[in-house]
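Peer 1: sequence? don't have it. structure:
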């Protein structure tokens, strides 16, 4: 569960998550694209196995950090990976990295099972994009570069912005709850997320 | 359709992270259905989620996890659900996240008139949703009394248009308002303005008319 900071001063970004060097989780994006393509087109269970071993335990981790007990997190991780298999042909590399796509699968499950709200509106948008795909004209290389830029941008965020982003994406904490936990006005939490986003966008604009 | 007003970046972040309340998610998604620029922003923000996921310490799964999932794998992929046909029945102008909730389209909404020229219709949300989702229909020339909000409020225009202190809002435009903003929107289209509103807390109307109206409008 969440670490609760008792005051602004002793607040530290969550130990572990971002302080670790991004090594074991990092693999070239080409590998990911290749593996998911094998799963989508060839129904290749070896390729799936490789994705399962890498992402399954990380989906389990994000579920636990979102407040699920170990058993629920295990079930949700297995379910998320089953969705990866079933929907592999919907993954569109031009819209983002495989990791981001798997994050959205985990996110929708988290909304449905942990938050007990409806993820249908998200699915509506997915369907709409599938029916009318936009030609982004991005190459594989650009997708990889974008992935690297986001990694850099996130790694370079000042601690106050990074902790807000982490609480939101990893710990599934709504902005109003983040404000309460950090003892900050909601407006400050919002401006920190905006600043973090602007940095990310500046990084990405270099690509465009 | 030129969209001039978009959700705040912090709202898009919260949407992409998955911790925005359902009523607000519906309004954001309805805007995304119309606004390609914001869809593309959301995909960029989702990369943050991907980055976070990749850099988490893995938590070991059950010894038989892979085996169990593998035993469920079938040859076939998932088949697209034909939502397109469903959405077409209710008219192409309604964004899908709203069309799905309305069913028969805007012509058959069971409006409840709450004041002259003002009608509302509550849309269903999950029991756990904190915010309420309401369709609001305001006749041409009418205005909603000046009001503030006890919580966040987000409005998406579906048809018609209105104007307030921050500009003109037409179909697809979103007013993403903070707690402390007060406004007095007036419908400036010849047809009624129909909006979908997500509201976190009761809206506080100022003035006598407002105080009479507030319990009736209930948003």
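Peer 2: Alright, I've got the coordinates. Predicted model, so just to flag it, every value in this text is computed and none were measured.
Peer 1: would stretch A:50-59 count as contacting chain B?
Peer 2: Yes. Under the criterion of Cβ under 8 Å from any Cβ of the partner chain, chain B is reached by stretch A:50-59 at A:52-53, A:55-59. Where you see a C-beta, it was placed from the backbone N, CA and C, and this is true even at glycine.
Peer 1: now the residues you listed: which count as buried?
Peer 2: Neighbour counting by 16 or more other Cβ atoms under 10 Å in any protein chain shown classes A:52, A:55-59 among those as buried.
Peer 1: from residue A:165, how far off is the residue nearest to the spatial centre of chain B?
Peer 2: What sits nearest the mean C-alpha location of chain B, by Cα atoms, centre = their mean, is residue B:27, with 0.9 Å. Residue B:27 sits 23 Å away from residue A:165, taking Cβ to Cβ, to the nearest Å as the criterion.
Peer 1: do the same with residue A:132
Peer 2: 31 Å.
Peer 1: what about the two, which has more around it?
Peer 2: residue A:165 (26 against 9; other Cβ atoms under 10 Å in any protein chain shown).
Peer 1: OK, contacts around that one?
Peer 2: Neighbour list for residue A:165: A:154, A:157, A:193, A:196, B:13, B:48, B:52 [criterion: Cβ atoms under 8 Å, 6 or more residues apart in numbering or on different chains].
Peer 1: which members of the residues you listed occur in strands, if any?
Peer 2: Among those, no member is found in strands (DSSP state E).
Peer 1: got a markdown table for these, with distance to residue B:113 and neighbour count too?
Peer 2: Formatted as a markdown table, these follow (distance: Cβ to Cβ, whole Å; neighbours: other Cβ atoms under 10 Å in any protein chain shown):
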| residue | distance to residue B:113 | neighbour count |
| --- | --- | --- |
| A:154 | 50 | 24 |
| A:157 | 50 | 21 |
| A:193 | 40 | 26 |
| A:196 | 45 | 25 |
| B:13 | 38 | 27 |
| B:48 | 45 | 26 |
| B:52 | 48 | 27 |
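Peer 1: and for the closest residue to residue A:201 other than its chain neighbours, the neighbour number?
Peer 2: Spatial nearest neighbour of residue A:201, chain neighbours left out: residue B:44 (7.0 Å); criterion: Cβ to Cβ, 6 or more residues apart in numbering or on different chains. By other Cβ under 10 Å, the residues close to residue B:44 number 20.
Peer 1: and the helix or strand where residue B:44 lies, what's buried?
Peer 2: Element membership for residue B:44 (DSSP states H and E) is helix B:36-55. Buried residues in helix B:36-55, counted by 16+ other Cβ under 10 Å: B:38-39, B:41-55.
Peer 1: pLDDT at residue B:180, what is it?
Peer 2: pLDDT for residue B:180: 66.
Peer 1: buried residues, the one helix or strand in chain A whose mean pLDDT sits lowest. List them.
Peer 2: Least confident element among the helices and strands of chain A, by mean pLDDT, DSSP states H and E: helix A:140-155 (a mean of 80). Within helix A:140-155, the residues scored as buried using 16+ other Cβ under 10 Å are A:143-147, A:149-151, A:153-154.
Peer 1: what's the average pLDDT for the helix or strand harbouring residue A:166?
Peer 2: Following DSSP H and E, one finds residue A:166 within helix A:159-169. For helix A:159-169, mean pLDDT rounds to 95.
Peer 1: helices along chain B, start to end?
Peer 2: In chain B, the helices defined using DSSP state H lie at B:9-17, B:22-34, B:36-55, B:65-72, B:83-89, B:96-102, B:207-217.
Peer 1: weakest of the ones you listed by average pLDDT?
Peer 2: helix B:83-89 (a mean of 47).
Peer 1: just give the nearest non-adjacent residue to the residue nearest the centre of chain A, would you?
Peer 2: Nearest to the mean C-alpha position of chain A, by Cα atoms, centre = their mean, lies residue A:103 at 3.8 Å. Leaving out its chain neighbours, the residue that sits closest to residue A:103 by Cβ to Cβ, 6+ apart is residue B:49, at 3.5 Å.
Peer 1: next one: residue A:70
Peer 2: Residue A:70 sits nearest to residue A:64 (Cβ to Cβ, 6+ apart), 6.6 Å away.
Peer 1: repeat that for residue A:58.
Peer 2: That would be residue B:56: by Cβ to Cβ, 6+ apart, it lies 4.9 Å from residue A:58.
Peer 1: same question, residue B:11
Peer 2: Leaving aside its chain neighbours, residue B:11 sits nearest to residue B:176 (5.5 Å; criterion: Cβ to Cβ, 6+ apart).
Peer 1: likewise residue B:45?
Peer 2: residue B:16 (4.0 Å).
Peer 1: and if you look at residue B:191?
Peer 2: Of all residues not flanking residue B:191 in the chain, residue B:160 sits nearest, at 5.0 Å (Cβ to Cβ, 6+ apart).
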